[in-house]
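[1] let's see this in three dimensions:
(one chain, ligands or ions: 1)
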Amino acid sequence: MKETILELKNVHIHYPISIGTVRAVEDVSFSLYKGEALGLVGESGCGKSTLGLSFLKLIRPPGRVEKGEILYKGRDLLKMSEGEVRRLRGQDIAMVFQNPLTSLDPLFKIRDQFLETIKYHRGDIPRDEAIKMIEDILEKLGIERKRMNEYPHQLSGGMRQRIMIGLGLIMDPDILIADEPTTSLDVIVEAGFIDLLNRLRKKFNLTIVLITHNLGLVAEIADRVVVMYGGRVMEIASSEDIFGNPLHPYTKGLINCIPNIELEQEKLVTMPGNPPDLVNPPRGCRFEPRCPVAMEICREKTPDLIDYEGRKIACWLYRG
Ligand code: SF4
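    Numbers count the residues shown, from 1 in each chain. Just a heads-up that it's a prediction; the model follows:
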């Protein structure tokens with residue numbers, strides 16, 4: 001029996017702007033199970049990063065979670081006080097952001113950035129014990145302990161990324177959210193990162209949410225995939241199903257765009273059209289203007305996310 005650690009129920013996230021309201025996330029529901037790696041994928045602007053921020057109540061005003069519940073171990077994060085959520089961040093749910101060079105403070109040694117994090121969450125831990133914790137985590141990350149005495153600019157991109165993960169893991173959280181964690185890495189370092197994340201996952205029994213447009217990365221790490229488009233969930237299925245037998249026309253489009261080195265492709269395949277305007281989204285299915293198999297009903301009504309052959313899908317093609 002899978003244990004649900006985080007559950008989203010009908011989450012809507014809106015940003016009021018001068019010309020209307022950006023409906024960045026609309027009616028998103030899914031569960032995250034303990035110990036799994038979940039990929040949250042879609043093109044830029046599909047709402048995946050916004051949704052990830054909401055897991056830690058980090059949506060900046062004027063943006064707000066308009067409706068819905070985000071339940072961490074059964075308690076609604078949105079109803080917790082700022083103090084409670086602050087304690088939760090890093091200690092229970094940690095986030096690794098996109099660019100390690102800008103996320104690490106250039107003025108402080110790596111050791112001090114770790115000490116600051118430990119002190120913030122557990123001021124009662126003596127310094128020598130905290131140093132031991134840092135040494136342990138660096139060892140798990142494959143970084144020599146003496147490197148803790150260096151500044152971020154003295155480390156390579158891959159090492160900085162590992163430090164970011166270490167800062168996320170130092171308090172032994174239940175959930176690690178990684179938002180585009182390999183954007184600034186070259187392919188060799190990215191391969192090392194995938195290996196590291198898979199090893200850490202086993203070692204820490206970690207639950208991972210991987211937010212990315214890099215489907216190759218998702219294929220290597222995720223057990224399940226949530227595909228988002230225009231702020232809505234289009235399909236949720238196992239990695240095997242998403243990559244081996246995608247059903248939703250948008251998922252099929254995304255998979256088609258993955259370059260295949262075994263085929264002699266002269267050009268990269270792209271999906272025609274642009275993501276929808278989220279101030280005035282299409283009335284029916286948000287993918288309808290770009291969908292090659294759209295029907296009349298698709299223009300009129302939004303398909304709900306329904307159970308279909310072991311997966312969840314929001315598409316009129318699968319409504320019998
Ligand atoms: Fe295409 Fe219609 Fe399915 Fe949307 S609901 S993906 S427009 S077939």
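[2] hey, let's count contacts and neighbours off CA atoms from now on
    Will do.
[3] tally up the residues packed near the residue nearest to Asp304 when sequence neighbours are not counted, please.
    The shortest distance from Asp304 to any non-neighbouring residue, by C-alpha to C-alpha, 6 or more residues apart in numbering, is to Ala314 (5.2 Å). Applying other C-alpha atoms under 10 Å, we find 21 residues neighbouring Ala314.
[4] Ala314 against Tyr229, yeah?
    No - judged on C-alpha atoms under 8 Å, Ala314 makes no contact with Tyr229 at a distance of 10.7 Å.
[5] contacting residues around the nearest residue to Ser103 once chain neighbours are set aside?
    Leaving aside its chain neighbours, Ser103 sits nearest to Phe97 (7.0 Å; criterion: C-alpha to C-alpha, 6+ apart). Neighbour list for Phe97: 103, 178-181 [criterion: C-alpha atoms under 8 Å, 6 or more residues apart in numbering].
[6] those in helices, which ones?
    Judged by DSSP state H, those include Ser103 as members of helices.
[7] buried ones among the contacts of Phe97?
    Buried by 16 or more other C-alpha atoms under 10 Å: 178-181, out of the contacts of Phe97.
[8] neighbours of whichever residue of the stretch 1-150 of the chain sits closest to the ligand, how many?
    In the stretch 1-150 of the chain, the residue that lies nearest the ligand is Gly42 (14.0 Å; C-alpha to the nearest ligand atom). By other C-alpha under 10 Å, the residues close to Gly42 number 26.
[9] from the centroid of the chain, which residue is nearest?
    Ile211 (2.5 Å; C-alpha atoms, centre = their mean).
[10] residues contacting it?
    With contact taken as C-alpha under 8 Å, 6+ apart, Ile211 is in contact with 39-41, 48-49, 52, 177-180.
[11] name the element it belongs to?
    Secondary structure from DSSP states H and E places Ile211 in strand 207-212.
[12] direction included, what does that strand pair against?
    According to DSSP bridges, strand 207-212 forms sheet pairs with strand 37-41 (parallel), strand 175-179 (parallel).
[13] okay, that strand in PDB with CA atoms only?
    In PDB, the C-alpha atoms belonging to strand 207-212 read as follows (Å, rounded to 0.1, in the frame of the first residue of the first chain):
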ATOM      1  CA  THR A 207      10.700  11.500  -2.000                       C
ATOM      2  CA  ILE A 208      11.700  13.600  -5.000                       C
ATOM      3  CA  VAL A 209       9.700  16.000  -7.100                       C
ATOM      4  CA  LEU A 210      11.600  16.800 -10.300                       C
ATOM      5  CA  ILE A 211      10.400  19.900 -12.000                       C
ATOM      6  CA  THR A 212      11.800  20.200 -15.500                       C
END
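[14] wait, isn't Asn10 in contact with Val28?
    Yes - contact criterion C-alpha under 8 Å: Asn10 and Val28 qualify, at 4.9 Å.
[15] more neighbours: which of these two?
    Set Asn10 next to Val28 and count neighbours by other C-alpha under 10 Å: Val28 wins out with 20 against 15.
[16] can you check the pLDDT for the residue nearest to Ser103?
    Predicted confidence (pLDDT) at Phe97: the value is 75.
[17] what of Pro100?
    For Pro100, the model assigns a pLDDT of 59.
[18] residue contacts, Glu26?
    10-13, 231-232.
[19] now with 7 Å?
    11-13, 231-232 (C-alpha atoms under 7 Å, 6 or more residues apart in numbering).
[20] neighbours around the residue in the stretch 151-300 of the chain positioned nearest to the ligand, how many?
    Nearest to the ligand in the stretch 151-300 of the chain, going by C-alpha to the nearest ligand atom, is Glu288, at a distance of 3.6 Å. When neighbours are counted by other C-alpha under 10 Å, Glu288 registers 23.
[21] correct me, but Pro275 touches Met228?
    No - counting by C-alpha atoms under 7 Å, Pro275 stays clear of Met228, with 11.1 Å between them.
[22] for those two, indicate the residue with more neighbours.
    Using other C-alpha under 10 Å, the more surrounded residue of Pro275 and Met228 is Met228, with 23 against 18.
[23] need phi/psi at the more buried one.
    As for Met228, its main-chain torsions (degrees, to the nearest 10) stand at phi -110, psi 150.
[24] my guess is it meets Gly42, correct?
    Yes - with contact defined as C-alpha under 7 Å, Met228 reaches Gly42; the gap is 5.1 Å.
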